[in-house]
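Below is the sequence, then the predicted model.
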Amino acid sequence: DSAEASPSVVFENIERCSPNCLQMLLENISGLTVDDDFTVELIPEINVAVATFIKNIDTEEFVKKCSQHRRVREFKMTARLLELTQTIKAENLPDSISTDYLTVYFESTRNGGGPVSDVQLFPEENSAIITFCDHRGNA
């Protein structure tokens, strides 16, 4: 069911492809424009990038196209849908942050949020784990 497919695609083994090269490659494969139609977030610590589509596309079909693309194979990258989750970790939070503030922030539809069922604060790490009532709340 494509309506439930994640708008985000994970690219693994990205070390052979520079950030600019990756963005151009994704534009070439999708026919879309970075920033206008999708964003790319690099997570260099684990050699991964996540492309999130703002424009509504069939991400399952896009993953198939990527897997068959000659350049993606040359770079030995893999592509898969980012699994939907009910829990996220927020990091680098200010010392004075409260669970109430985080709940209201992540429930804001303007911030892409939804109903929050739980917030666990970890002040020693300046982080929190936010659990949503369903996975649509953290698109």
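Right, received. Where do you want to start? Numbering: from 1, shown residues only.

and the nearest residue to Ala49 once chain neighbours are set aside, what element?
Of all residues not flanking Ala49 in the chain, Phe11 sits nearest, at 4.6 Å (Cβ to Cβ, 6 or more residues apart in numbering). Heads up, the C-betas are built off the backbone N, CA and C, glycines and all. Per DSSP states H and E: Phe11 is located in strand 8-12.

What separation do you get for the residue nearest to Ala49 and Val40?
Per Cβ to Cβ, to the nearest Å, Phe11 is found 9 Å from Val40.

any common contacting residues for the two?
22, 49-51 (Cβ atoms under 8 Å, 6 or more residues apart in numbering).

between Phe11 and Val40, who's got more neighbours?
Legend: neighbour count by other Cβ atoms under 10 Å for Phe11 and Val40, higher for Phe11 (24 against 17).

Give the bridge partners for that one, please.
Beta bridges link Phe11 to Ala49, Ala79 when assigned by DSSP bridges.

Contacts made by stretch 97-105 with the rest, please.
So stretch 97-105 is contacted by 90, 93, 111, 113, 116, 119, 121, 128, 130 (Cβ under 8 Å, 6+ apart).

Give me the lowest-pLDDT entry from the residues you listed.
Least confident of the contacts of stretch 97-105 in the model: Asn111, at 69.

tally of neighbours for the closest residue to Glu91 other than its chain neighbours?
Nearest residue to Glu91, sequence neighbours excluded (Cβ to Cβ, 6+ apart): Ser127, at 4.7 Å. Applying other Cβ under 10 Å, we find 15 residues neighbouring Ser127.
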